[in-house]
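Visitor: Got a sequence here, can you build the structure:
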Amino acid sequence: MNTYRMIIDANKCVGCHACEVACKQEFSAPLGFFRTMTLYLDSGTYPQVKREFLPLMCRQCEDAVCISACTQGALSRKNGIVQVDEQKCTGCGDCVKACSIGAIYVNPITQLAEKCNLCSHRLEVGMQPACVETCVSNALTLFTDEENVPKDAVAFKNSIHEKPSSLYIGVNPLMKQKLVSGQSFSPLNYEIETWAEKI
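Guide: Modelled structure (predicted):
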């Protein structure tokens, strides 16, 4: 079996949110909940301004703290993917609190923890994850252990102790200020309500 690793090239991301939409559609994620989130960051001063984007999902950490935080043994790592065992999950939310980037949520309908699993059900039949297949700018690429990962791909960490399996290219380090430890991805992260203040 292959070990999978996602490579995200922030230099290519155009902020279209197609990956978010495809992911929500694939898993019927409830309103306001996301397995994949596109962050943005404005930098510079007029007229030299720039908006950068960062697709973010579970980084499939090699030493995933969500696994050790789960007292039910509902989380495990296989083929490089951190998976949730729905038969064991009680929806307690300990894994949500443990994640430093907010990549896990408890579904309010099923009361089960949900997160990116690289669309394992699609991988099993030879398909690409929904986000990869949908990305219009080829910013998302799924690699296997048999393929050479780009040399400029590095870990995007929120803590020096983390060991993410997914790697990033061209991420502005200031993106870290957008991360919220212990809280699921928020639909408010795009901060539309503050745009008028920047005019």
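
Visitor: Give me the pLDDT for the residue in the chain sticking out farthest from the centre.
Guide: Distance to the chain centre peaks in the chain at Pro47, reaching 31.9 Å (criterion: C-alpha atoms, centre = their mean). pLDDT, Pro47: 89.

Visitor: ok, now which ones touch it?
Guide: Not one residue lies near Pro47 by C-beta atoms under 8 Å, 6 or more residues apart in numbering. The way it works is simple: take the backbone N, C-alpha and C, and place the C-beta from them, glycine included.

Visitor: ok, and for stretch 39-55, which residues are buried?
Guide: 39-41, 52-55 (16 or more other C-beta atoms under 10 Å).

Visitor: So what's the residue count around the nearest residue to Ile104 once chain neighbours are set aside?
Guide: Using C-beta to C-beta, 6 or more residues apart in numbering and skipping residues adjacent in sequence, the residue nearest Ile104 is Lys115, 4.4 Å away. Other residues lying near Lys115 total 22 when counted by other C-beta atoms under 10 Å.

Visitor: now swap in the one 10 residues further on and tell me
Guide: Val125 is surrounded by 6 other residues when neighbours are defined as other C-beta under 10 Å.

Visitor: Residues in a beta bridge with the residue nearest in space to the middle of the chain, which ones?
Guide: With distances taken as C-alpha atoms, centre = their mean, Met57 lies nearest the centre of the chain, 0.4 Å away. In this structure, Met57 bridges to Thr36 when assessed by DSSP bridges.

Visitor: you'd agree it is up against Lys24?
Guide: No - using C-beta atoms under 8 Å, Met57 makes no contact with Lys24, being 12.0 Å away.

Visitor: which residues do these two both contact?
Guide: Joint contacts of Met57 and Lys24 (C-beta under 8 Å, 6+ apart) are Arg35.

Visitor: what's the most distant pair in the buried residues of stretch 39-55?
Guide: Largest separation among these by C-beta to C-beta: Leu41 and Pro55, giving 12.9 Å.

Visitor: how close does Lys163 get to Ala113?
Guide: As for Lys163, its distance to Ala113 is 21 Å (criterion: C-beta to C-beta, to the nearest Å).

Visitor: Ok, Gly32 next?
Guide: Gly32 is 16 Å from Ala113, by C-beta to C-beta.

Visitor: Those two: who's more crowded?
Guide: Ala113 (26 against 12).

Visitor: who are the neighbours in contact with that one?
Guide: So Ala113 contacts 74-75, 84, 89, 91, 93, 95-96, 104-107 (C-beta under 8 Å, 6+ apart).

Visitor: What of Asp94?
Guide: Neighbours of Asp94 in contact, by C-beta under 8 Å, 6+ apart: 69-71.

Visitor: Gln111 contacts Gly93, doesn't it?
Guide: No - counting by C-beta under 8 Å, Gln111 stays clear of Gly93, with 9.9 Å between them.

Visitor: Looking at those two, which one has more neighbours?
Guide: The neighbour count for Gln111 versus Gly93, taken as other C-beta under 10 Å, is higher for Gly93 (16 against 12).

Visitor: Quick check: closest non-adjacent residue to the more buried one.
Guide: Val106 (5.2 Å).
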